[in-house]
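Colleague: Got a sequence here, can you model it:
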Amino acid sequence: MLLPAYDLCKAAQAAAFFAIKSGGVINVLKLSKLMYLAERESMRRYDEPMFFDGLASMPDGPVASITLNFINGENMSPEWSSVVGARIGYDIPLARKNITIDDLDHLSRADRGILQNLWDRFGSWDRFQLRDWTHVPENIPEWQDPEGSSRPIAHATVFEALDKRDAEKLHEDVLEMRRLHRVLDRAAG
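Modeller: Numbering: from 1, shown residues only. Here you go, the predicted model:
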């Protein structure tokens, strides 16, 4: 199930961005960490998530949980499959080889800036280096070892970890966006 306000098109195109940067195919674990970091960096820079995903601590680090379900093939949609191919083992390919950054029209200039900065910083890292980095409390203090399971990470917790003075208000803004989308979805449906 998708959360209200979750921007599937933007999440799919962000995943495609990283696959493009990785030569057309990217490791599942590496992609899942980069997608979480994209949400987090958007919250740091702009006080709101990039694609309004649910966040969770998992054994391999923090994840954007709905996006992880798409990465793993547990959810499917035309928006996702138009740019991101089906998982093959531990890899996620592009849906088509000819997809370019210019085709990713749901990503704003600000979104692309975040994604590019993340790629510049972590693109050369392998999946295990990135996973291990997300387990270090100084890097991602909101991640807590779920001891083999999964634990939700509240947006307020991330905002607090990012030293946002108004973390609770920013969290309420995320919840309000979800409420607004729920109402709009009901009105449209």
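Colleague: Okay, the closest residue in space to residue 66 that isn't next to it in sequence and residue 40: tell me how far apart.
Modeller: The shortest distance from residue 66 to any residue that is not its chain neighbour, by Cβ to Cβ, 6 or more residues apart in numbering, is 5.0 Å, and that residue is residue 53. Backbone N, C-alpha and C define where each C-beta goes, glycine included. From residue 53 across to residue 40, the span is 11 Å (Cβ to Cβ, to the nearest Å).
Colleague: for residue 83, same thing?
Modeller: To residue 40, residue 83 is 22 Å away according to Cβ to Cβ.
Colleague: Between those two, which is the more surrounded one?
Modeller: Neighbour tally, residue 83 and residue 40, criterion other Cβ atoms under 10 Å: the higher count belongs to residue 40, 25 against 22.
Colleague: check which helix or strand covers the more buried one.
Modeller: Remark: residue 40 resides in helix 28-46, with elements defined by DSSP states H and E.
Colleague: quick one: that helix to chain centroid distance?
Modeller: Shown here is helix 28-46, whose average C-alpha point lies 5 Å from the average C-alpha point of the whole chain (Cα atoms, centre = their mean, to the nearest Å).
Colleague: Kindly report the same for stretch 149-168.
Modeller: 15 Å.
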